[in-house]
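[1] missing the sequence, but the structure's below:
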């Protein structure tokens, strides 16, 4: 099992073509073109805006007393490593397995934010996951991300919900069909990922450099988004980005399948997702992150553009906990006396599941005591460790790519 290292769309234009997407990497069905995400009277709710980050931080290690005891009890835990952040994203971290998951948040977005996770083996892409998160009307047929009916939803503008496109494949595809598309959202995503599988990063870069956008679209079976070329570019860039990576060892990396799920592993102020590389009945590697409205934090890409119009308060942005590790870990230390950074807790959980079967992980979850860390998961002091393990299992068993 290997360590994880820390270093380092979607509004349509004004109309939807048969391809079903905008040309700026933001696909949106035709009936959504008229939607304008507004901030409403969000700026007036300052006290509510400050609550999510600080309150959850105190819960992150359960109660302050429990957290302190759990942190002191874990002699194997390590302090967050600051020097890792200085490594360049192009350098492959040492001690990585033969299957590496690269998590990235492409910046070239506006009306939505994109999450890309790419599995590589050496210089070859094994598989990839693309998902895009966008605000929709609350009274629409779209499904909100987990905890939208809880404290998490308090950060969203009045009348809006945040939804994952992959989790809304049916609703989104129905709107695409009305606009003339003959393929579903998931078929487009899968067409893109099927195209990149088995190719080296260099081969894909040559392909992108030698073809214009129209030729790229023609070459990828099943992908009709006009933003398809940009999505391919995002996959290539993510494959080279080692800011958030985790790894494991597969018997045959070419047989690995990447699966994906959303969930609420901790409390009701955030939601998370897990991407899991699976070979047979064994988990090879897992990548997890959570998203929360943060006062003064770094927002996901698009926060200063169209995506940010879905915020209740423009000062309280939706942020990745991984990207806000320093801020969030400081809050954990202040509120719960934590000595282990959040990203290191995630890494410990990811390291624990690498190489284990689903049944082995389930057994650990079943034996866990609610509200306590799990001794078997070395280095993880979060009292909701079982929740993160369950999210990983959910990705394996309830794969949103199906």
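    Cool, the structure landed. This is a predicted model, so every value here is computed, not measured. Numbering: from 1, shown residues only.

[2] okay, now residue 233: neighbour count?
    By the measure other Cβ atoms under 10 Å, the count of residues near residue 233 is 18. Bear in mind the C-beta positions are built from the backbone N, C-alpha and C, glycine included.

[3] For this protein, just list every one of the strands.
    In the chain, strands defined by DSSP state E lie at 5-6, 99-104, 113-121, 124-137, 160-164, 244-248, 257-263, 270-279, 282-295, 316-320, listed in chain order.

[4] which one of the ones you listed lies closest to residue 351?
    strand 244-248 (7.7 Å; Cβ to Cβ).

[5] Show me what that closest one is packed up against.
    Using 3 or more Cβ pairs under 8 Å, 6 or more residues apart in numbering; DSSP states H and E as the contact test, the elements touching strand 244-248 are strand 99-104, strand 282-295, helix 342-353.

[6] Using TSV, lay out the ones you listed together with distance to residue 335 and mean pLDDT.
    Below are those laid out as TSV (distance: least, Cβ to Cβ, whole Å; pLDDT from 0 to 100):
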stretch	distance to residue 335	mean pLDDT
strand 99-104	26	98
strand 282-295	14	98
helix 342-353	12	97
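
[7] In this structure residue 189 contacts residue 172, no?
    No: counting by Cβ atoms under 8 Å, residue 172 is not a contact partner of residue 189; they are 10.8 Å apart.

[8] Could you pull out the helices in this structure for me?
    Assigned by DSSP state H, the helices in the chain fall at 46-60, 64-73, 169-178, 185-196, 201-210, 213-219, 228-240, 325-336, 342-353, 358-367, 385-397.

[9] want to throw the ones you listed into JSON lines with distance to residue 287?
    Below are those laid out as JSON lines (distance: least, Cβ to Cβ, whole Å):
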{"stretch": "helix 46-60", "distance to residue 287": "19"}
{"stretch": "helix 64-73", "distance to residue 287": "24"}
{"stretch": "helix 169-178", "distance to residue 287": "21"}
{"stretch": "helix 185-196", "distance to residue 287": "16"}
{"stretch": "helix 201-210", "distance to residue 287": "19"}
{"stretch": "helix 213-219", "distance to residue 287": "27"}
{"stretch": "helix 228-240", "distance to residue 287": "11"}
{"stretch": "helix 325-336", "distance to residue 287": "14"}
{"stretch": "helix 342-353", "distance to residue 287": "7"}
{"stretch": "helix 358-367", "distance to residue 287": "15"}
{"stretch": "helix 385-397", "distance to residue 287": "9"}
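
[10] Looking at these, which one is packed in the most?
    Comparing the helices of the chain by mean neighbour count (mean count of other Cβ atoms under 10 Å), helix 342-353 ranks first with a mean of 26.

[11] Output the contacting helices and strands for that one.
    Against helix 342-353 (3+ Cβ pairs under 8 Å, 6+ apart) you get strand 244-248, strand 282-295, helix 325-336, helix 385-397.

[12] Can you tell me which helix or strand of the chain has the lowest average pLDDT?
    Across the helices and strands of the chain, mean pLDDT, DSSP states H and E gives its lowest value to helix 46-60, namely a mean of 34.

[13] In contact with residue 141, which residues?
    Residue 141 sits next to 171, 174 when contact means Cβ atoms under 8 Å, 6 or more residues apart in numbering.

[14] Any stretches of this structure with poor pLDDT?
    Scanning the chain for pLDDT under 70 picks out 1-94.

[15] ok, back up a step: show me the one of the helices and strands packed on strand 244-248 that comes nearest residue 242.
    strand 99-104 (6.6 Å).

[16] strands paired with the closest one, and their directions?
    Strand 99-104 has its sheet partners listed here by DSSP bridges as strand 113-121 (antiparallel), strand 244-248 (antiparallel).
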